[in-house]
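[1] return a 3D structure for these sequence lines:
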Amino acid sequence: MRIGQGRERTVRRALDALAETECFESPWRLWSALYALISAGELRRADQHCLWLAEHPRTSQEALEGITLVRARTHFLRGQVNQALAAYSLPASVDRLVAIRTAWTIEAMLDLGEAKGAQQLLQSRRLDGTISSGLPGRGTLLTARGQLQLALGATHQAVADFIESGRPPANGPIENPAVTSWRSRAALALAAVRPEFAARLADEELLLAMRWGAPRQIGWALHAHAMVRDDQQTPALLGEAIDLLEIADARSELVPVLFRTATHLAAKGDALAARQRLARASELARQDARSHWAKRIDSATHRLQGRRPHPTLTRQQLRVTSLARAGSTNRLIASQLNLSVRAVEFHLSAAYRRLGISGRAELYQMMG
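    Predicted structure coming up:
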């Protein structure tokens, strides 16, 4: 699983391990087998084994804490984020899982719009600084911390965490995007400022996801590849990504991908298709009580309702707004695009008028 090959064989080995009596004597072995199942997209099987193991008299308290964590992750992946966060918050004594527990909690909190709370959690667990190279789950934690940095507007720190999460640990490289999707997340953050590097990262993750073969990872990687590519094929590729995430019932990722797709379609002038994607995203967000996403979707829908098709930005306006969204100041944008600061201000103001927004905060929401 580490190198992202042989998904079916990984599932068979995980099931075999769970059928052996030794799994009761090794909570880490039990955890690893369950983790392999959810990474392979076998959420139903993981749930079934969790329920059986939770009731088994030989299951230790340490193993139960790992089982609770896996069940919470299956809730999250299906979009049941509030249930997942409640389970993540239960007291636990297994320090070996602290990085993964923290990473998954951060992802759930960000989905619910609780970035400040996630930052406080990191600080309270002293995981906001240098992370030991030997900590199990280090890559997963750094990827989640990068997502938090993006939510806080610290793009450069976010990219640094993404890249660091991809550094191979002592026991070998992790190439499976089911373990950490750092390449696609770094690519999306870098698309406006380092397009060639971003494209290479997105392409690499798509190839790795296809090698692993799970619809959820392929769908997410394909969406990142399409967004970084940003050409005439992007809407069709985003549609394929959405179909794969629907098949995988990967609702935690499906809602943001639908939202990002709608934003792209609106920016290209296709307001009708954008509204359709937003309607599906709204339906899912409300079904799962993800109020933060529901509000963002309502705001985007309101901007599109009762208006003519969304105006297309000029190429220069797209470049300037993309850099602004990535966290660059007007002075830095001017330097990168060889413009004057006054020209940058002019292009930003014109783009805001066309988009019907008032500033960078709304720009971030629209392109988030």
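
[2] buried residues in stretch 73-91?
    73-85, 87-88 (16 or more other C-beta atoms under 10 Å). C-beta: built from backbone N, CA, C; applies to glycine.

[3] do the same with stretch 172-182
    174-182.

[4] what's next to that stretch, contact-wise?
    1-4, 39-40, 139-140, 142-143, 146, 162-163, 165-166, 168, 183-184, 205, 208-209, 212, 214, 216-217, 220-221 (C-beta atoms under 8 Å, 6 or more residues apart in numbering).

[5] if you look at the buried residues of stretch 73-91, which of them are in helices?
    Counted as lying in helices by DSSP state H, out of the buried residues of stretch 73-91, are 73-77, 81-85, 87-88.

[6] dump those to CSV, plus pLDDT and distance to Phe346.
    Listed next are these as CSV, based on pLDDT from 0 to 100; distance: C-beta to C-beta, whole Å:
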residue, pLDDT, distance to Phe346
Arg73, 96, 48
Thr74, 96, 50
His75, 96, 48
Phe76, 96, 44
Leu77, 96, 45
Val81, 96, 41
Asn82, 95, 44
Gln83, 95, 48
Ala84, 96, 45
Leu85, 95, 44
Ala87, 93, 50
Tyr88, 91, 47
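
[7] out of these, which comes closest to Asp298?
    Val81 (17.7 Å; C-beta to C-beta).

[8] of the contacts of stretch 172-182, buried ones?
    Buried, going by 16+ other C-beta under 10 Å: 1, 4, 39-40, 139-140, 142-143, 146, 162-163, 165-166, 183-184, 205, 208-209, 212, 214, 216-217, 220-221, out of the contacts of stretch 172-182.

[9] among the residues you listed, which are in helices?
    Among the buried ones among the contacts of stretch 172-182, the members falling in helices (DSSP H) are 39, 139-140, 142-143, 146, 162-163, 165, 183-184, 205, 208-209, 212, 216-217, 220-221.

[10] show me where pLDDT drops low in the protein?
    170-171, 306-311, 358, 361-362, 364-368 (pLDDT under 70).

[11] how close does the most centrally placed residue in it sit to Glu175?
    Among the residues of the chain, the one closest to the centroid is Glu253, at 6.5 Å (C-alpha atoms, centre = their mean). Look at Glu253 and Glu175: by C-beta to C-beta, to the nearest Å, they are 20 Å apart.

[12] check contacts around Asn330.
    Per C-beta under 8 Å, 6+ apart, neighbours of Asn330: 324, 341, 344-345, 348.

[13] repeat for Pro168
    Ile174.

[14] does it count as helix, strand or coil?
    Applying DSSP: H, G, I helix; E, B strand; the rest coil to Pro168 yields a three-state assignment of coil.

[15] can you redo the buried residues of stretch 172-182 as TSV with secondary structure?
    Shown next, in TSV, are the buried residues of stretch 172-182 (three-state DSSP):
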residue	secondary structure
Ile174	coil
Glu175	coil
Asn176	coil
Pro177	coil
Ala178	coil
Val179	coil
Thr180	coil
Ser181	coil
Trp182	helix
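
[16] looking at these, which is nearest Ser60?
    Set against Ser60, the nearest of the buried residues of stretch 172-182 by C-beta to C-beta is Val179 (25.4 Å).

[17] for Leu148, helix, strand, or coil?
    Classification of Leu148 using three-state DSSP returns helix.

[18] would you check that it makes contact with Ala118?
    Yes - the pair Leu148 / Ala118 is scored as a contact, 5.2 Å apart, by C-beta atoms under 8 Å.

[19] shared neighbours of those two, which are they?
    Counting by C-beta under 8 Å, 6+ apart, the shared contacts of Leu148 and Ala118 are 106, 110.

[20] residues in contact with Thr105?
    Neighbours of Thr105 in contact, by C-beta under 8 Å, 6+ apart: 85, 88-89, 118, 121.

[21] just flag the most distant two among those.
    So, the contacts of Thr105 by C-beta to C-beta: farthest apart are Ser89 and Ala118, at 12.3 Å.

[22] phi, psi for the residue nearest to Leu222 when sequence neighbours are not counted please.
    Using C-beta to C-beta, 6 or more residues apart in numbering and skipping residues adjacent in sequence, the residue nearest Leu222 is Ala241, 4.2 Å away. Dihedral pair for Ala241: phi -60, psi -40, per degrees, to the nearest 10.

[23] count of residues packed around Ala241?
    Using other C-beta atoms under 10 Å, Ala241 has 27 other residues around it.

[24] contacting residues around it?
    219-220, 222-223, 226, 257, 261.

[25] which of those has the largest number of neighbours?
    His223 (30 neighbours).

[26] distance of that one relative to Ala115?
    22 Å.

[27] repeat for Ile247
    Going from Ile247 to Ala115 by C-beta to C-beta gives 30 Å.

[28] more crowded one of these two?
    Just comparing Ile247 and Ala115: by other C-beta under 10 Å the higher neighbour count belongs to Ala115, 18 against 13.

[29] what's the burial count for the closest residue to that one other than its chain neighbours?
    Excluding the flanking residues, the one nearest Ala115 by C-beta to C-beta, 6+ apart is Ala151, at 4.3 Å. Neighbour count of Ala151, defined by other C-beta under 10 Å: 20.
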